[in-house]
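Novice: Test case, fold it:
(chains A and B)
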Amino acid sequence: MGKVIVITSGKGGVGKTTSTANLGTALAMIGKTVVMVDADIGLRNLDVVMGLESRVVYTSMDVIEKRCDLDKALVKDRRVENLMLLAASQRNRKDDIKPEQMREVCEKLKQAFDFVLVDSPAGIEQGFHNAAAGAEEAVIITTPDVSAIRDADRIIGLLQHQGIESISLVLNRLSPTLVKKRDMISKNDILDILNIDLLGVVPEDTGVIVSTNRGVPLVHNDGSPGADAYMRIARRMTGQRIPIPEMRDENFFSNLLNWFSRNK
Amino acid sequence: MNFRSIFTRKSKSSNIATQRLQLVLTQDRFEVGEDSMKKLQFELTEVLAKYFEFTMNSVKMSLKREGNSYVLMADFPYNQSNKLR
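Specialist: You can find the predicted model right below:
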């Protein structure tokens, strides 16, 4: 029996779908069976980010309205073993699905997979409630800016109200250079404010743009800072204890300043 | 002051962001406006001022998340000169 994890943020554009695609792929690469569920009805994106858009035939709506069986609706990722996608319907609206129906789908999926990752839509309306309905755990994605953190705080409150106790944070798009210059809210300040467990930190990585263009998740190219970060997060999700490394600043001038402060 | 701080003193927008966030989240979590917060802060200060000497408006309040609930934190600067009246 697997677990259902909702990946959510409140604010849009912070990397929910990118994170779902990379964590799903990473978990499958380390040998877990994974299904990713796009819960963004009407504005589906996960199929495109995964590069699977041309192979989507059925959606979760077809399953709910009994037009096809659940296993027939799953799209298999041919690049990794045991990775599937359940796409969202593009023609329906967010309130065409009820939380109970979503819960039923998740309940069935977790019988067959180790991880059911639900990619939540932005916002705190029906779409978010549907995405969270079947989940027992939540991963909050936030970027280090005031508006994203404020929305993350609101979402944490709503999830706790719903009874989800295991909530952890992925801090996305952190720029070590800006943190050093004290022009970006630091990891510790964000943790102090939100007061939830940190699952991982993903550094700003322009490779994400290329990977989305191609429809190949970043974790397929090892060595990039973003890919390494997602691999570590996936390992932590399987229960491995992997420390969160302190970020190294690539900026020469800043390194020089550090060296001076150390050797004073 | 160390060597580094000479160069980094000017850019501290992260501090401003953190302070703004703390204020806005306290209001969000309380579900009250700035006026009520200020009033509570003022009245709290009035009570404390009966016992300690300290400057008005130096009390800082926040709601901190602790598991599934919130804890109201009120910090006020206390030092040796704040004699108990």
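
Novice: What is the burial count for A:Gly13?
Specialist: When neighbours are counted by other C-beta atoms under 10 Å in any protein chain shown, A:Gly13 registers 10. Backbone N, C-alpha and C define where each C-beta goes, glycine included.

Novice: Let's test this: what are the backbone torsions at the closest residue to it other than its chain neighbours?
Specialist: In space, and not counting its chain neighbours, A:Gly13 is closest to A:Ala122: 7.6 Å by C-beta to C-beta, 6 or more residues apart in numbering or on different chains. Note on A:Ala122: its backbone torsions stand at phi -70, psi 170 [degrees, to the nearest 10].

Novice: A:Ala122 against A:Gly12, yeah?
Specialist: Yes: with contact defined as C-beta atoms under 8 Å, A:Ala122 reaches A:Gly12; the gap is 3.3 Å.

Novice: Pick out whichever of those two has more residues nearby.
Specialist: A:Ala122 (18 against 14).

Novice: and that one, what does it touch?
Specialist: Residues in contact with A:Ala122 (C-beta atoms under 8 Å, 6 or more residues apart in numbering or on different chains) are A:Ser9, A:Gly10, A:Lys11, A:Gly12, A:Gly13, A:Lys16, A:Phe128.

Novice: what's the neighbour count on A:Ile242?
Specialist: Close neighbours of A:Ile242, defined as other C-beta under 10 Å, add up to 13.

Novice: measure it to B:Leu48 for me?
Specialist: From A:Ile242 over to B:Leu48 the distance is 46 Å, taken as C-beta to C-beta, to the nearest Å.

Novice: Need the pLDDT of the residue nearest the centre of chain B.
Specialist: When C-alpha atoms, centre = their mean is applied to chain B, the residue found nearest the centroid is B:Lys60 (2.1 Å). Per-residue pLDDT puts B:Lys60 at 78.

Novice: now it: how far from chain A?
Specialist: Using C-beta to the nearest C-beta, to the nearest Å, one gets 14 Å for the distance from B:Lys60 to chain A.

Novice: ok, that residue - contacts?
Specialist: Per C-beta under 8 Å, 6+ apart, neighbours of B:Lys60: B:Ala74, B:Asp75, B:Phe76.

Novice: shouldn't the first one be in contact with B:Lys64?
Specialist: No: taking contacts as C-beta under 8 Å, B:Ala74 lies outside contact range of B:Lys64: 11.0 Å.

Novice: Between these two, tell me which one has more neighbours.
Specialist: B:Lys64 (16 against 13).

Novice: List the buried residues for the strand or helix carrying the more buried one?
Specialist: Following DSSP states H and E, one finds B:Lys64 within strand B:60-66. Residues B:Met61, B:Ser62, B:Leu63, B:Lys64, B:Arg65 are the ones in strand B:60-66 that count as buried (16 or more other C-beta atoms under 10 Å in any protein chain shown).

Novice: Looking at those, spot the one nearest A:Thr206.
Specialist: Among those, B:Arg65 lies closest to A:Thr206 (C-beta to C-beta), at 33.7 Å.

Novice: Just give the closest residue to the closest one, not the sequence neighbours.
Specialist: For B:Arg65, the closest residue by C-beta to C-beta, 6+ apart turns out to be A:Asn195, at 4.2 Å.

Novice: Pull the contacting residues for that neighbour.
Specialist: B:Lys64, B:Arg65, B:Glu66.

Novice: Which phi and psi values does it adopt?
Specialist: phi 50, psi 50.

Novice: Just the buried ones from the contacts of A:Ala122?
Specialist: Buried subset of the contacts of A:Ala122 (neighbour count, 16+ other C-beta under 10 Å): A:Ser9, A:Gly10, A:Lys11, A:Lys16, A:Phe128.

Novice: Name all residues that make contact with A:Asp40.
Specialist: A:Thr17, A:Leu46, A:Ala88, A:Asp119, A:Ser120, A:Pro121, A:Gly127.

Novice: partner strands of the host helix or strand of B:Val71, parallel or antiparallel?
Specialist: Using DSSP H and E, B:Val71 sits within strand B:69-75. Using DSSP bridges, the strands paired with strand B:69-75 in its sheet are strand B:60-66 (antiparallel).

Novice: For the residue in the stretch 1-150 of chain A positioned nearest to chain B, the count of nearby residues, please.
Specialist: At 5.2 Å from chain B, A:Val146 is the closest residue in the stretch 1-150 of chain A, using C-beta to the nearest C-beta. A:Val146 has 15 neighbours, counted by other C-beta under 10 Å.

Novice: same question, the one 4 residues further on
Specialist: Burial of A:Arg150, expressed as a neighbour count using other C-beta under 10 Å, amounts to 19.

Novice: And A:Arg91, by the same measure?
Specialist: Neighbours of A:Arg91 (other C-beta under 10 Å): 9.
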